[in-house]
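*Asks:* how would this look folded up:
(one chain, ligands or ions: 1)
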Amino acid sequence: TTSVMHTVLVPLKQDQQEIFSQDVIRGLSAKNKYLDSKYFYDAEGDRLFQEIMRCHEYYLTNCEMEILREQSAVISQTILSHTRHFDVVELGAGDATKSIHLLKELLKTGQDFTYYPVDISGNVITQLERSLPRQLPALKVHGLHGEYFDMLQQAGILSRKTKVVLCMGGNIGNFTPPEARKFCRQLRNYLQPGDIVIIGFDLKKHPQIILDAYNDAAGFTRDFNLNLLKRINQELGGNFDISKFDHYPTYDPGTGACKSYLVSLEEQDVKIGDHTFHFGLHEPVYMEISQKYDLESIGQMATQSGFETVADFFDSRRWFADCMWLC
Ligand code: AVI
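*Replies:* Here you go, the predicted structure:
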């Protein structure tokens with residue numbers, strides 16, 4: 001097993017803090033205040049997201065796990081019907097508990113491939129390089145620590161083979177539809193004809209099921225949102241009193257936009273470093289979008305970004321889809 005970690009092209013910690021600070025100040029100075037959900041994931045945010053994924057209301061993880069557990073053999077055969085000379089790149093690999101089912105099936109077919117897990121968190125990559133050889137001793141792993149597209153380029157330099165790119169977890173939902181289209185177009189630009197992508201999309205369903213998923217009874221999703229205020233306090237010298245904010249999730253079944261807000265429970269001033277921000281009574285801060293799709297718009301997104309749909313894989317309730325597209 002080769003096990004090399006690349007740390008190129010990751011911005012310096014100091015620069016990251018500076019960008020974080022600028023983004024927060026920009027968001028809280030806007031007429032309609034917002035914060036960027038990509039900042040949810042500090043150590044405590046990672047822990048809370050793990051808890052969310054264990055909540056029975058948060059169906060996304062179970063649905064995609066079911067797809068990978070039950071259909072990896074078919075997915076693997078579908079890949080092999082297009083290419084027999086490939087490597088696998090996973091964008092946002094996390095702990096790879098879902099993709100491991102597919103990797104296992106691909107190994108069974110006797111294909112010689114390397115798995116390139118990509119993650120912005122160096123910890124995640126280190127963990128994977130430790131855990132994967134124990135679980136799948138035959139798998140060649142080459143961790144890439146950095147931004148998705150930088151690392152995709154890196155994988156292209158390291159290997160000339162066809163790429164099978166996995167974007168699972170429904171992370172694309174945390175983009176607005178125009179941002180998601182831009183992401184898919186960029187993804188296509190980093191790939192070659194014949195490359196394959198598998199993207200997880202959360203699907204439209206009964207609105208109550210979606211609202212419940214973002215409002216779990218145990219309060220992990222609330223804490224997950226409030227944790228960003230704590231992070232601002234810790235890292236940027238803020239003085240948010242988190243007891244003065246409420247978590248308010250919304251879902252519009254027309255557009256499929258599930259948006260979360262924090263609502264100020266009183267009129268208050270909050271300091272972040274030298275800046276002071278005024279919050280009116282009940283003023284909302286837009287925190288996150290988790291966009292839900294229907295198959296038609298997913299198909300359009302594929303076409304508009306230069307892919308051809310090969311197959312869609314669903315869980316038994318058809319709540320989630322892993323869509324296979326060809327470049
Ligand atoms: C990571 N992402 C797909 C999650 C989602 O469902 O949008 C993040 C999350 N936010 C609240 N709960 C989970």
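*Asks:* quick one: pLDDT of the residue in the chain that the ligand sits nearest to?
*Replies:* Here the residue of the chain nearest the ligand is residue 290; by CB to the nearest ligand atom that distance is 3.4 Å. Quick note: C-beta positions are derived from backbone N, CA and C, even for glycine. Per-residue pLDDT puts residue 290 at 98.
*Asks:* now it: phi and psi?
*Replies:* The phi and psi values for residue 290, taken as degrees, to the nearest 10, are phi -130, psi 90.
*Asks:* ok, it - how many residues close by?
*Replies:* Per other CB atoms under 10 Å, the neighbour tally for residue 290 reads 22.
*Asks:* try residue 52
*Replies:* 20.
*Asks:* contacting residues for it?
*Replies:* The neighbours of residue 52, taking CB atoms under 8 Å, 6 or more residues apart in numbering as the test, are 58, 216, 220-221, 224.
*Asks:* give the closest residue to residue 83 in space, chain neighbours not counted.
*Replies:* Closest residue to residue 83 apart from its sequence neighbours, by CB to CB, 6 or more residues apart in numbering: residue 162 at 4.4 Å.
*Asks:* how near is that neighbour to residue 245?
*Replies:* Relative to residue 245, residue 162 is positioned 48 Å away (CB to CB, to the nearest Å).
*Asks:* who's more crowded, the two?
*Replies:* The neighbour comparison of residue 162 against residue 245 (other CB under 10 Å) goes to residue 245, with 24 against 20.
*Asks:* that one and residue 279, how far apart?
*Replies:* Distance from residue 245 to residue 279, by CB to CB: 9 Å.
*Asks:* residue 221 now?
*Replies:* From residue 221 to residue 279 the distance is 21 Å (CB to CB).
*Asks:* of those two, who's got more company?
*Replies:* residue 221 (25 against 22).
*Asks:* got the contact list for the more buried one?
*Replies:* 52, 55, 58, 214-215, 247, 249, 260.
*Asks:* for it, which three-state class applies?
*Replies:* helix (DSSP: H, G, I helix; E, B strand; the rest coil).
*Asks:* my read is that residue 17 contacts residue 235, right?
*Replies:* Yes: here residue 17 reaches residue 235: they are 6.5 Å apart, a contact under CB atoms under 8 Å.
*Asks:* so for these two, which sits in the more crowded spot?
*Replies:* residue 235 (16 against 13).
*Asks:* and the next helix or strand past the strand or helix carrying the more buried one?
*Replies:* According to DSSP states H and E, residue 235 maps onto helix 220-236. Where DSSP H and E defines the elements, the next helix or strand beyond helix 220-236 is strand 245-252.
*Asks:* show me what that next one is in contact with.
*Replies:* 207, 210-211, 214-215, 221-222, 225-226, 229, 257-265, 284-285, 292.
*Asks:* show me where the stretch 1-150 of the chain has helices.
*Replies:* 13-29, 43-54, 59-80, 99-108, 122-135, 148-158 (DSSP state H, counting those that start in this stretch).
*Asks:* which other helices and strands does the longest one contact?
*Replies:* When you say that, I think you mean helix 59-80. helix 99-108, strand 196-202, helix 207-213, strand 308-314, strand 320-326 (3 or more CB pairs under 8 Å, 6 or more residues apart in numbering; DSSP states H and E).
*Asks:* mind putting those into CSV with mean neighbour count?
*Replies:* Listed next are those as CSV, based on neighbours: other CB atoms under 10 Å:
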stretch, mean neighbour count
helix 99-108, 20
strand 196-202, 24
helix 207-213, 17
strand 308-314, 16
strand 320-326, 23
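*Asks:* kindly reformat these as CSV and extend each row with mean pLDDT and distance to the ligand.
*Replies:* Shown next, in CSV, are these (pLDDT from 0 to 100; distance: least, CB to the nearest ligand atom, whole Å):
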stretch, mean pLDDT, distance to the ligand
helix 99-108, 97, 15
strand 196-202, 98, 7
helix 207-213, 98, 7
strand 308-314, 98, 17
strand 320-326, 98, 11
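*Asks:* redo those as CSV? Include distance to residue 297.
*Replies:* Below are the helices and strands packed on helix 59-80 laid out as CSV (distance: least, CB to CB, whole Å):
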stretch, distance to residue 297
helix 99-108, 25
strand 196-202, 9
helix 207-213, 16
strand 308-314, 12
strand 320-326, 11
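*Asks:* which one of those lies closest to residue 89?
*Replies:* Closest of the helices and strands packed on helix 59-80 to residue 89 is strand 196-202, at 9.4 Å (criterion: CB to CB).
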